[in-house]
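J.: let's see this in three dimensions:
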Amino acid sequence: MKLELSRNMVMGLPERKPILVVGSILFLVLWLGQQLDEIGLNFIVGLGIILFFFAKVPKRKSVSPSEQNFPLDFRSLSEKIEKIALKIDTLSKEIQEGENRGGGNEKIRIHKVFESQLQEIKNFLQRDYINVGILKANLTTNITDLAEKLKERLGKGIEIQVIEEYEGKEATVKQCENQDLLLVVFGEDLMASQKDLVRLLKEKWHNIIILFDDVNYFLPAEKVLVLESIKNSLANIVDNTEIITVSSREKITKVRRYLDETRYEEWEEKSVTNYQKLYESITLIINNKHHREKLILATAYRQAVSLENEVTTELNAIRRRKALRVIEKYQILAATTTFANPVASLDLLAAAAINSQMIMDLAKIYQQPLSLSQARQIAVRVVDLMLKLGIVEFSSQLITHILKTNIATLVATGIIQGVSAAYLTRVCGLTIVEYYQNNSETNSQEFNLQKIQEKMQEVFASLKNQDFLSRFVHKTSFLLQN
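T.: Model prediction:
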């Protein structure tokens with residue numbers, strides 16, 4: 001009877017009959033123990049564990065990397081580069097507009113850096129080598145030796161960088177950004193954080209080979225178990241063909257075989273460093289022009305996305321400064337208008353008109369201009385949300401309390417309403433700003449009310465701080481009384 005046949009028999013048992021599965025395994029182990037006693041008890045027990053593991057773990061469909069991320073091609077990269085170039089051009093224009101406010105030279109320098117980075121991405125597409133990063137997630141692996149052997153074996157086709165794992169996953173992923181191929185080395189079963197790191201790397205279009213360094217394990221059964229556990233942990237993240245076993249260190253194992261109860265033979269087995277499968281995998285990539293271009297394309301796209309985020313962050317910072325000046329202007333206008341007309345009906349009409357105009361101005365800053373009708377509709381929705389979330393009532397009560405507690409003289413109703421109007425205008429304005437900062441690609445006519453509500457809750461949470469409110473109330477009330 002062959003071992004492979006026995007395993008197939010076990011694997012063919014119904015999944016819903018665990019007792020039958022375990023019984024079959026035990027029977028097989030005992031039978032082998034009688035037939036192959038010279039192999040040794042350790043081998044038999046290890047074999048039984050392996051068979052039980054295979055019976056327990058359900059089969060899974062291998063998922064290729066292309067199924068996890070949208071397919072990249074040169075057209076998608078070209079479109080991304082064109083989009084970034086337009087953003088950089090927009091940034092340049094907005095920097096020029098704000099030069100008279102100071103810091104112009106520094107901003108122009110940043111703009112030039114972005115242009116240079118974009119050109120580098122284009123140039124890197126013409127490379128005839130690939131960048132290979134070795135991410136060390138295992139303390140016992142000799143990474144330096146691995147890097148040297150790869151360079152010695154594969155020559156000019158690769159550039160190698162050793163990358164240390166950082167505390168935060170995002171920081172680690174950032175360090176890997178420029179690598180065309182990532183070798184992620186594990187020496188044991190994966191922790192949840194390591195699995196999350198691999199998933200995040202795949203989401204960033206990284207091409208990964210998982211290396212299981214079996215240097216810490218001596219028994220073949222142990223090595224198989226850990227390897228299968230790693231494959232199972234990375235199911236639907238990394239394809240089985242991208243998980244390779246290596247041995248990073250030479251080691252000597254003492255082996256003892258009993259001849260009978262008192263006599264035994266003992267010898268030493270030496271295992272050598274073994275990267276052969278890894279050499280073969282990388283060689284196939286280097287020699288396949290199409291595969292090599294795909295790796296470089298993914299890196300270029302990853303770099304482009306990162307650059308776009310940097311440009312967007314800088315652009316948002318400039319626009320936010322402009323927007324805050326606009327909000328300051330309209331909150332003062334809301335305060336003085338309401339103070340001069342402390343009648344509830346007139347108060348609401350004035351607030352609606354002021355917020356509508358402010359929303360139009362803010363939309364213009366973010367290059368998503370609105371008509372007056374659209375701005376009014378948004379203003380009404382924002383007011384409805386503030387009422388629904390209890391912001392109007394809460395702010396009015398808190399502002400009244402602060403004024404009456406800290407100002408000795410009698411507080412006029414107009415001051416309370418004026419300060420409240422200014423505060424609500426600020427909440428409205430900052431909500432719109434935060435919405436645009438996080439949805440700059442969204443068409444202005446397709447406002448997402450759910451996202452507006454989420455941003456409003458975040459803004460209100462930051463603006464109901466006691467220290468901020470006290471300063472705001474004092475500053476606005478002083479303005480109204482002078």
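J.: buried residues in stretch 413-432?
T.: By neighbour count on 16 or more other CB atoms under 10 Å, the buried set for stretch 413-432 is 414-432. Placement of C-beta: from N, CA and C, glycine included.
J.: now intersect these with the helices, please.
T.: 414-432 (DSSP state H).
J.: tell me where the model's unsure across the stretch 151-300 of the chain.
T.: Residue ranges of the stretch 151-300 of the chain with pLDDT under 70: 166-167, 269-272.
J.: where do the strands of it begin and end?
T.: For the stretch 151-300 of the chain, the strands defined by DSSP state E, counting those that start in this stretch occupy 158-164, 181-186, 207-213, 243-246, 251-258, 264-271.
J.: what would those strands look like in JSON lines with distance to Gln117 and mean neighbour count?
T.: Output for the strands of the stretch 151-300 of the chain, formatted as JSON lines (distance: least, CB to CB, whole Å; neighbours: other CB atoms under 10 Å):
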{"stretch": "strand 158-164", "distance to Gln117": "19", "mean neighbour count": "15"}
{"stretch": "strand 181-186", "distance to Gln117": "22", "mean neighbour count": "23"}
{"stretch": "strand 207-213", "distance to Gln117": "22", "mean neighbour count": "23"}
{"stretch": "strand 243-246", "distance to Gln117": "34", "mean neighbour count": "18"}
{"stretch": "strand 251-258", "distance to Gln117": "46", "mean neighbour count": "11"}
{"stretch": "strand 264-271", "distance to Gln117": "46", "mean neighbour count": "10"}
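J.: ok, Lys125 - contacts?
T.: Actually, residue 125 is Leu. It isn't Lys. By CB atoms under 8 Å, 6 or more residues apart in numbering, the contact set of Leu125 is Ile296, Leu297, Ala300.
J.: how about the helix or strand where Asp384 lies as CSV, C-alpha atoms only?
T.: Assessed by DSSP states H and E, Asp384 sits inside helix 372-388. Backbone C-alpha positions of helix 372-388 (Å, rounded to 0.1, in the frame of the first residue of the first chain) are rendered in CSV as follows:
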residue,chain,number,x,y,z
LEU,A,372,-26.8,79.9,-5.7
SER,A,373,-29.7,77.4,-5.9
GLN,A,374,-27.3,74.5,-5.2
ALA,A,375,-25.7,76.4,-2.3
ARG,A,376,-29.1,77.1,-0.8
GLN,A,377,-30.1,73.4,-0.9
ILE,A,378,-26.8,72.4,0.8
ALA,A,379,-27.2,75.1,3.4
VAL,A,380,-30.7,73.9,4.2
ARG,A,381,-29.4,70.3,4.6
VAL,A,382,-26.6,71.5,6.8
VAL,A,383,-29.0,73.4,9.1
ASP,A,384,-31.3,70.3,9.2
LEU,A,385,-28.4,68.2,10.3
MET,A,386,-27.3,70.6,13.0
LEU,A,387,-30.9,70.5,14.4
LYS,A,388,-31.0,66.7,14.1
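J.: what does that helix contact?
T.: Contact with helix 372-388 is made by 351-352, 355-357, 359-360, 363, 370, 392, 424, 427-428, 431-432, 444-445, 447, 449, 452-453, 456, as judged by CB under 8 Å, 6+ apart.
J.: let's go with 6 Å and repeat that
T.: Helix 372-388 is contacted by residues Ala352, Asn355, Ser356, Ile359, Met360, Val392, Cys428, Phe447, Gln453, Met456 when judged by CB atoms under 6 Å, 6 or more residues apart in numbering.
J.: repeat for stretch 211-219
T.: So stretch 211-219 is contacted by 46, 138, 141, 183, 185-187, 223, 227, 230, 244-249, 253 (CB under 6 Å, 6+ apart).
J.: can you do 7 Å?
T.: 42, 46, 138, 140-141, 183-188, 223, 226-227, 230, 243-249, 251, 253, 278 (CB atoms under 7 Å, 6 or more residues apart in numbering).
J.: again with stretch 113-124
T.: In this structure, residues lying in contact with stretch 113-124 by CB under 7 Å, 6+ apart are Ile81, Ile84, Ala85, Ile88, Ala300, Gln303, Ala304, Leu307, Val311.
J.: next up, the contacts around Ile209.
T.: Leu181, Leu183, Glu242, Ile244, Ser281.
J.: who does the second one bridge with?
T.: By that I understand Leu183. Ile134, Ile209 (DSSP bridges).
J.: that one reaches Lys136, doesn't it?
T.: No - Leu183 is beyond contact range of Lys136, at 9.5 Å (criterion: CB atoms under 7 Å).
J.: thinking again about what came up before, could you redo the contacts of Leu125 as JSON lines and give each row distance to Val198?
T.: Output for these, formatted as JSON lines (distance: CB to CB, whole Å):
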{"residue": "Ile296", "distance to Val198": "21"}
{"residue": "Leu297", "distance to Val198": "21"}
{"residue": "Ala300", "distance to Val198": "22"}
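J.: Throw together a ChimeraX command that grabs the buried residues out of those.
T.: In ChimeraX, this line selects whichever of these come out buried by 16+ other CB under 10 Å:
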select :296,297,300
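J.: the contacts of Leu125 in helices, which ones?
T.: Ile296, Leu297, Ala300.
J.: pick out whichever of the residues you listed sits closest to Thr172.
T.: Lowest distance from Thr172 to the ones in helices among the contacts of Leu125 (CB to CB) belongs to Ala300, with 20.7 Å.
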